[in-house]
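Sequence first, then the predicted structure, then my questions.
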Amino acid sequence: MNNIESLKFLTAHEVAQIAGQFGTPCFVYDLETLQRRFRYFADLPHANGLVIRYSVKANPNRSILKIFDRLGAHFDVSSVWEARRVIGAGIAADKILMTAQEASSGWEELCREGMRFDAGSLAQLDAYGRAFPGAAVSMRINPGFGSGLVRKLTSGGAHSSFGIWIEQVDRALEIAAAHRLSIERLHFHIGSGHESSVLEDTVGLALALAARIPGVTTLDLGGGYRIAALRDDPQYDHRAMAARIAQRLTAFAASHGRKLLLELEPGTALAALAGSLVTRVIDKVDTGPAGYTFLKLDSGLSELMRPSYYGAVHPLVTVPLDDAPRGGPEHYVVSGHCCIAGDTLTPMPGDAEDILPQSMGCARPGDFVVVERAGGYAASMSVKNFNSYPEAPEVLRLAPGKFEVIRRRQSLEQMTQNEIDLPIAAIAERG
C-alpha cells in the first residue's frame, strides 16, 4: 500500500512560489477549502434550525473570522480577549457565545454589548446572575463522561474541570432561580476528536435536562468533530450523525411542544484541512544503522505543538527543491528547530513520549516539507517566540497561484517591544 502523503490543495510549484515570496516557515490557508468546509457543516440535516458557531481558538486570524462571518457563522469564544478580536473584525457582539474557564475583567461590558454568556461553573452562574438579574443565560454541563482523540483532549468526566458537574444541576437551577435567570441554552462539549456515538449519548441526557427546564430553546453540542487528515484515516459521516440527532429533536418537539434549535461549534473541522505549513529542510542526520534518520526543519514547536503535546500525527509531504534524481521513499523522524528535547513532528500516534518514523519522499537539505492539517490549532496554539523565533507569516490562497499576506512575519522589534530596559545604574543602587 502506498502510504506516502500528498499535498492537500497546494501544488509543488506553489510551494516554491510561497517560499520565494514569503520565506519559510509560512502558514498558507485556502479560501475555497474554508468555504467548502463551512458549507458542509451548515448543510447538515437538522430538525428545527442549525447554527454553526466557529470555535475561534482554532484560528483567530481576523481574515478567517471575516470569511466565516460572511458565510453566516456565529462564534464560540473562550476568553474576553477572543471576544474582543471577533468584535475588532467588525462582527456583531450578539453573534458571540463566550464559554470560558476564566471570565476575566470586561465580560460584563461585552454582555451589555450583546455577547451571550455560557456559565461553566456554579460561581460563574452566580456572578452572571448578580450582574444581570432576570436575564437569559446558558449553562455548560459536564455530563459525567467524555470522549476525545487522546485523554488530554477529553473534556467530560470526573477528571475534567469543564462545565457544571451533572450532579450539581439542581444547585445550578436554585442559583438561577434566586437571580430570576432563564436558562435558554444547554451546552455540552465532551472532547476534541470524540466518538460520535458518545456525543449521541450526550444528546439523550441533554434532552432529559431540557424537559426539566422549560426555558431551554437551544441545544449546543460543542465541537470536536473528527476529520480525515491522513491518507489512511476513515471518512467520518457527520451527515448520518446529524440525521439521527434531528430525529431525536423532532421526537422531543412532538412530546414536549418545544422545537429546540441545534448549535454546533466546529473549529478543527472547519479550519484544519484548509491550512498548510510550508517549511524547509535545514539538515539531515542519522544515528547509525540501528538508529534513525532525522530531517531537521526550520519550524517546529514555534509553529506547531500538537505532535509534541498530544502525539498528534500530521501528514508530511516532501517537495523537492529541484529536478535532481532522487531515490525512493524513506522513513524519517522529523525534528523541529527548537533547542529542546521533544520538538518532533513524528510522534508515536497518541503518545508524545515516543517517536515513529514517517514514510516520505526522499528529502535533502534545501528541499521543502509541507506539514498538512495546519489550519487549526497550529498558529494559534504554538509555543510562541521560544528560542526567540519570530511568529511565522500567514498567507491566504485566494486562487491557484494568488496569495495575500494576512499576518506578516514578526520582527525582533515587535518581539521585544513590551520589554522594559531597566538602567544598570538603578539596578546597582538597588543591589
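Now that the structure is in, tell me what you want to look at. Residues are numbered from 1 along each chain as shown.

where does residue 326 land on pLDDT?
With respect to pLDDT, residue 326 scores 86.

Tell me the spatial nearest neighbour of it, not counting adjacent residues.
residue 362 (4.2 Å; Cβ to Cβ, 6 or more residues apart in numbering). C-beta: built from backbone N, CA, C; applies to glycine.

How about residue 214?
Among residues not flanking residue 214 along the chain, residue 258 sits closest, at 7.8 Å (Cβ to Cβ, 6+ apart).

Pretty sure that neighbour sits against residue 252.
Yes - using Cβ atoms under 8 Å, residue 258 is in contact with residue 252, at 7.1 Å.

neighbour-wise, which of those two wins?
Neighbours were counted for residue 258 and for residue 252 using other Cβ atoms under 10 Å; residue 252 has more, 22 against 15.

Let me know the secondary structure of the more buried one.
Following DSSP: H, G, I helix; E, B strand; the rest coil, we place residue 252 in the helix state.

ok, back up a step: who touches both of residue 258 and residue 252?
residue 210 (Cβ atoms under 8 Å, 6 or more residues apart in numbering).

about what we covered before: quick one: the residue nearest to residue 214 and residue 201, what's the gap?
21 Å (Cβ to Cβ, to the nearest Å).

and what of residue 260?
Distance from residue 260 to residue 201, by Cβ to Cβ: 17 Å.

And for residue 65?
Taking Cβ to Cβ, one finds residue 65 at 32 Å from residue 201.

and if you look at residue 332?
Distance from residue 332 to residue 201, by Cβ to Cβ: 40 Å.

So between the two, which is more surrounded?
residue 332 (25 against 15).

beta partners for the more buried one?
residue 358 (DSSP bridges).

and it, what does it touch?
Taking Cβ under 8 Å, 6+ apart as the test, what residue 332 contacts is 292-295, 346, 357-358, 360, 363.

Go again with 6 Å.
293, 295, 357, 360 (Cβ atoms under 6 Å, 6 or more residues apart in numbering).

Spell out, range by range, the strands that occur in the stretch 101-250 of the chain.
In the stretch 101-250 of the chain, the segments counted as strands under DSSP state E, counting those that start in this stretch are 116-119, 136-142, 164-165, 182-187, 218-220.

for the longest one, what is the average pLDDT?
Mean pLDDT, strand 136-142: 96.

next one: the first one
For strand 116-119, mean pLDDT rounds to 98.

Parallel or antiparallel, list what pairs with that strand.
strand 96-98 (parallel), strand 136-142 (parallel).

and residue 413, which of the ones you listed is closest to it?
The closest of these to residue 413 is strand 96-98. By Cβ to Cβ, the value is 32.8 Å.

Count the neighbours of residue 178 for me.
12.

Reformat the strands of the stretch 101-250 of the chain as TSV; add mean neighbour count and distance to residue 60.
TSV is the format used below for the strands of the stretch 101-250 of the chain (neighbours: other Cβ atoms under 10 Å; distance: least, Cβ to Cβ, whole Å):
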stretch	mean neighbour count	distance to residue 60
strand 116-119	25	18
strand 136-142	23	20
strand 164-165	20	26
strand 182-187	21	20
strand 218-220	23	20
